[in-house]
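Trainee: could you look at this predicted model? Sequence included:
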Amino acid sequence: MGTVQATLRSNGGVTAEIAWVIAAAHQGQGYAKEASAAMTRWLCHRGVDALIAHVHPTHEASIRVARYLGLNPTDMVEDGEVRWTR
């Protein structure tokens with residue numbers, strides 16, 4: 001169906017770089033929001049201070065997920081994707 005993942009970095013605090021991927025047949029059903037929210041809650045309850053995601057500026061579904069997670073876009077663009085943070 002899909003995956004969520006987090007790469008943790010310690011830099012005075014703990015930052016999680018998060019990502020989500022949902023198979024085409026299962027998109028549009030809220031799975032990315034639900035799984036990503038569960039993962040980020042779990043991470044934050046275990047001491048993660050900051051969240052980062054990279055989202056393509058035209059990928060509306062992922063933008064909605066990022067907003068749902070409380071992330072905000074920054075001016076940083078890496079490999080064509082906007083960095084979102086919380």
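Mentor: Received, thanks.

Trainee: from now on I want contacts and neighbour counts done on CA atoms only, so please keep to that.
Mentor: Will do.

Trainee: tally of neighbours for the closest residue to Leu69 other than its chain neighbours?
Mentor: In space, and not counting its chain neighbours, Leu69 is closest to Ala37: 6.2 Å by Cα to Cα, 6 or more residues apart in numbering. Residues lying near Ala37 (other Cα atoms under 10 Å) number 18.

Trainee: what ranges does the chain have for its helices?
Mentor: For the chain, the helices defined by DSSP state H occupy 31-45, 60-68.

Trainee: tell me what the first one is packed against?
Mentor: Where contact means 3 or more Cα pairs under 8 Å, 6 or more residues apart in numbering; DSSP states H and E, helix 31-45 is packed against strand 2-10, strand 14-22, helix 60-68.

Trainee: distance to His45, mean pLDDT and mean neighbour count for the ones you listed - can I get that in JSON lines?
Mentor: Shown next, in JSON lines, are these (distance: least, Cα to Cα, whole Å; pLDDT from 0 to 100; neighbours: other Cα atoms under 10 Å):
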{"stretch": "strand 2-10", "distance to His45": "14", "mean pLDDT": "97", "mean neighbour count": "14"}
{"stretch": "strand 14-22", "distance to His45": "12", "mean pLDDT": "98", "mean neighbour count": "18"}
{"stretch": "helix 60-68", "distance to His45": "18", "mean pLDDT": "97", "mean neighbour count": "17"}
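
Trainee: dump these into JSON lines; add distance to Asp79 as well.
Mentor: JSON lines is the format used below for those (distance: least, Cα to Cα, whole Å):
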{"stretch": "strand 2-10", "distance to Asp79": "18"}
{"stretch": "strand 14-22", "distance to Asp79": "15"}
{"stretch": "helix 60-68", "distance to Asp79": "16"}
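
Trainee: for His54, find the nearest of those.
Mentor: Taking Cα to Cα, strand 14-22 is the member of the helices and strands packed on helix 31-45 nearest to His54, at 7.6 Å.

Trainee: send me the closest one as CSV with only the CA atoms.
Mentor: The C-alpha trace of strand 14-22 is given here as CSV (Å, rounded to 0.1, in the frame of the first residue of the first chain):
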residue,chain,number,x,y,z
VAL,A,14,16.9,15.7,17.1
THR,A,15,15.6,16.4,13.6
ALA,A,16,13.5,13.9,11.6
GLU,A,17,13.5,14.1,7.9
ILE,A,18,10.2,12.4,6.9
ALA,A,19,8.8,11.0,3.7
TRP,A,20,5.6,9.1,2.6
VAL,A,21,4.8,7.1,-0.5
ILE,A,22,1.5,5.6,-1.3
